[in-house]
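A.B. asks: Give me a model of this one.
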Amino acid sequence: MPGRCYAQAVLWAALIWGSVILTLKTIAVRVVALCVAAGIWLPNMHHLFAVDTSEYRQDVGVAPKARMMAERHLAIWRDPDLRAQELKKMQKVNPEWDFMSRTYFVLALANIALRDPSYEDIACEIIDAIIENTRRLEREKGINHFLLGYARHRPWVMRPARSQFIDGEIALMMATRRFIREDLRYQAPLQELSRVMIARMEQSAVLSAESYPNQAWLFCNTVSLAAIRMMDVLDGSDHSEFLARWISTAQRGLMDRATGMLISSYALDGTPDPSGDCPEGSTIFMSAHMLEIVDAEFAVDQYRRAAQALRKSFLGFGYAAEWSSRCQGRHDVDSGPIVPFLDASAGSSGMAVLGSAVFDDEAYLSELLRSLEFAAFPEEKNGQLVYHASNPVGDAVLLYGLVEGPLWRRVMEGRR
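C.D. replies: Predicted structure coming up:
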């Protein structure tokens with residue numbers, strides 16, 4: 001009996017091990033097959049999301065996708081309840097987004113109206129409503145309504161306390177409105193804002209005013225420069241000496257040595273701010289665009305450096321990093337969530353759409369739009385296009401990138 005039991009045990013052990021070996025072989029075969037399939041499928045996956053850039057952006061007129069995105073934003077501003085709902089959501093997450101969504105939509109509407117005159121009346125009507133609502137909120141609730149909480153944590157250096165973030169974008173909105181159809185209601189306020197901004201910028205060693213207490217942001221100061229340049233074209237004033245001096249000052253005192261790009265934030269004496277001592281994709285693409293009407297050659301150089309340092313691609317899908325590999329910055333609300341391993345930034349990638357469109361980088365723009373269709377969950381409904389992975393400010397940036405061009409051409413040509 002013991003021998004029989006022993007034999008049975010050996011038999012069962014052999015059967016079990018044989019089954020395990022066969023199972024392992026099956027798993028191994030399946031793993032190999034999966035790897036082979038992945039090796040074939042993944043490099044070609046981007047073909048399933050091929051995009052025709054003319055569906056998004058055209059040299060003349062408004063492309064179909066851009067038109068549908070515009071309809072979504074128009075619906076928000078036409079419907080008081082929907083507008084209040086969307087702006088309230090952004091105020092909760094980031095009050096800056098509430099403010100910036102207005103600026104980008106104004107810029108987008110102006111370009112749409114200049115591309116398609118049938119939009120001129122509605123563009124002027126909506127832009128007037130946006131400017132009035134924005135200025136009223138600033139008067140009634142103060143600058144902190146549109147600023148992040150840390151604006152209250154330390155004293156402002158310049159007095160009275162003002163934010164270049166708010167002044168610059170309101171000035172830009174008013175100047176933009178006047179390029180569609182002249183409205184002299186905005187002439188004196190634009191001139192006064194420009195006077196105030198220049199006077200405050202002159203108080204800084206690097207010709208930059210505060211966006212937050214003792215914190216100047218490149219983004220906000222380049223927006224201000226663009227608004228001043230637009231005012232010069234509109235009203236025949238001449239601040240070319242100041243604009244040229246700002247460029248030369250920035251080239252001496254605000255450049256990152258590793259990349260040759262402008263840093264994102266700094267103190268009034270030019271000392272890099274720890275939160276922005278690296279050039280950031282969420283800033284540099286927009287700033288290069290603003291500088292295009294101030295110093296076109298320098299703007300092109302900044303975009304090329306940004307694209308070289310921040311452009312990324314994975315399996316044919318394009319995106320952008322927030323920081324160069326040569327200068328690691330700090331994650332913040334502007335960068336958005338950073339995707340591990342890929343080093344992808346939602347904020348930088350959205351701005352890269354604008355940058356690649358502005359500077360005619362068609363290959364990069366195509367890769368970015370492919371990623372947008374793959375990862376941003378687009379939905380077309382009732383003639384509107386919305387990206388569910390985005391928000392109104394992200395959508396407004398995308399829309400502006402897809403329609404920009406006519407407004408800046410008028411400024412550069414000196415045409416009202």
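A.B. asks: What does the pLDDT read for residue 330?
C.D. replies: pLDDT, residue 330: 63.
A.B. asks: for residue 300, same thing?
C.D. replies: pLDDT for residue 300: 98.
A.B. asks: separation between it and residue 358?
C.D. replies: Distance, residue 300 to residue 358, using C-beta to C-beta, to the nearest Å: 10 Å. In short, each C-beta sits where N, CA and C put it, glycine included.
A.B. asks: Of those two, give the one with the bigger neighbour count.
C.D. replies: Set side by side, residue 300 and residue 358 show more neighbours around residue 358, with 23 against 15, by other C-beta atoms under 10 Å.
A.B. asks: helices and strands around whichever helix or strand residue 100 is part of, which ones?
C.D. replies: Assigned by DSSP states H and E, residue 100 belongs to helix 95-115. For helix 95-115, the packing partners by 3 or more C-beta pairs under 8 Å, 6 or more residues apart in numbering; DSSP states H and E come out as helix 64-78, helix 80-93, helix 120-141, helix 164-180, helix 392-403, helix 406-413.
A.B. asks: Comparing the ones you listed, which comes out most buried?
C.D. replies: Burial of these is given as mean neighbour count (mean count of other C-beta atoms under 10 Å); helix 392-403 ranks first at a mean of 27.
A.B. asks: any shared contact partners between residue 300 and residue 358?
C.D. replies: By C-beta atoms under 8 Å, 6 or more residues apart in numbering, residue 300 and residue 358 have these common neighbours: 288, 292.
A.B. asks: quick one, strands of the stretch 301-416 of the chain?
C.D. replies: With DSSP state E, counting those that start in this stretch, the ranges of strands along the stretch 301-416 of the chain come out as 311-314, 317-320, 338-339, 344-345, 378-381, 384-387.
A.B. asks: Nearest to residue 210, out of those?
C.D. replies: Closest approach to residue 210 among the strands of the stretch 301-416 of the chain (C-beta to C-beta): strand 344-345, 25.4 Å.
A.B. asks: Relative to the whole chain's centre, how far out is the closest one?
C.D. replies: 12 Å (C-alpha atoms, centre = their mean, to the nearest Å).
A.B. asks: Also stretch 198-207?
C.D. replies: With C-alpha atoms, centre = their mean as the basis, stretch 198-207 stands 26 Å off its chain's centre.
A.B. asks: What about the residue nearest to residue 225 when sequence neighbours are not counted, how many residues nearby?
C.D. replies: Nearest residue to residue 225, sequence neighbours excluded (C-beta to C-beta, 6 or more residues apart in numbering): residue 294, at 5.1 Å. Other residues near residue 294 number 19, with proximity taken as other C-beta under 10 Å.
A.B. asks: Please name the residues that touch residue 237.
C.D. replies: Contact partners of residue 237, counting by C-beta under 8 Å, 6+ apart, are 191, 231.
A.B. asks: any idea whether it is helix, strand or coil?
C.D. replies: Secondary structure assignment for residue 237 (DSSP: H, G, I helix; E, B strand; the rest coil): coil.
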